[in-house]
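Visitor: here is the input, now give the coordinates:
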Amino acid sequence: MTINGSRLVHEAASGMTSLNNRAKARQTMSAALAFIEGEISTGVWKPGERLPAERELVERFGLARNTLRKILDQLEAKGAITRHVGRGTFVAEPAADQQSSDELVRKIHRASPAEVMDIRLMLEPQSCEIAAARATATDLADMERCLHECEIAKGVAAFETWDGRLHQRIVAAARNQLLADIYDAINGVRRTAQWGKLKERSLTAERRTIYQQQHRRIVSALRERDGERARAEIRDHLLSVRESLGGF
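Guide: Prediction:
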């Protein structure tokens, strides 16, 4: 082989080695990033907790220090960590607006059944009237599915699940995202133990039949685009639910 030929082979081999090294470095960097994000998301490293020192992380993953700092830059840009000169790197605290939102949901879920029903009577009739004008064919098909699943549900828990989804679909059909988000939080009360016990006691076979008939009338009014009737039907239904839960 000529000198030039040997040089070409050597350069090609060196190029392949360089590519392999870069690929390995990217894999190692991705693994380190995934590990740190995983420790944060699963709560192993909690908000406000200090991360291991850079030296420890470099040794753990076999990274160059500048590579680790690129990873930390990415995490800081995402808001997952905060870095303080002379103090170290910490898991970021939840944003204040997220904390406020979480606290609001907790308050809703601690509300009494009477308070929940009061709010539902304020929100759902108006939402239902608006939904009569805005519901799409897909919305109505989803409601029909919920009706069917309610009627074939085995047990209170399954009925409650599909009952809740029906009411969510009706509110969502009003096409107001803020209203839908608020209602989703309220609807989460159905998953609390207190609500479950109330429904276990109150949802007799006779009462369930009444609810199913009321649901059918509500969806029929929506399908016919009769907002006034839809509003009245869902209000009557909610008053019936409140009465079955104890009247309040």
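Visitor: and the strands in this protein, which stretches?
Guide: Listed from the start of the chain, the chain has strands (DSSP state E) covering 81-84, 88-91.
Visitor: could you list the domains of the protein?
Guide: Following the assignment in automatic domain parsing, the chain carries domains at 3-91, 98-244.
Visitor: in CSV: these, plus mean neighbour count.
Guide: The way it works is simple: take the backbone N, C-alpha and C, and place the C-beta from them, glycine included. Converted to CSV, these look like this (neighbours: other C-beta atoms under 10 Å):
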stretch, mean neighbour count
domain 3-91, 13
domain 98-244, 16
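Visitor: would you single out the least confident of those?
Guide: Ranked by mean pLDDT, these end with domain 3-91 at the bottom, a mean of 78.
Visitor: roughly how far does residue 31 sit from residue 71?
Guide: 10 Å (C-beta to C-beta, to the nearest Å).
Visitor: equivalent analysis for residue 188, please.
Guide: 36 Å.
Visitor: hang on, the earlier thing: distance to residue 214 added to the strands of the chain, as JSON lines?
Guide: Below are those laid out as JSON lines (distance: least, C-beta to C-beta, whole Å):
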{"stretch": "strand 81-84", "distance to residue 214": "52"}
{"stretch": "strand 88-91", "distance to residue 214": "49"}
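Visitor: which one of those strands lies nearest to residue 50?
Guide: Residue 50 lies closest, by C-beta to C-beta, to one member of these: strand 88-91, at 5.0 Å.
Visitor: name the helices or strands packed onto the closest one?
Guide: strand 81-84 (3 or more C-beta pairs under 8 Å, 6 or more residues apart in numbering; DSSP states H and E).
Visitor: show me where this structure has helices.
Guide: Counting by DSSP state H, one finds helices in the chain at the ranges 3-41, 54-61, 65-78, 96-110, 113-134, 137-152, 156-172, 177-187, 193-202, 205-223, 227-244.
Visitor: tell me the angle the shortest one makes with helix 65-78.
Guide: Inter-element angle recorded for helix 54-61 and helix 65-78: 110 degrees (by axes from the mean of the first three to the mean of the last three C-alpha atoms, to 10 degrees).
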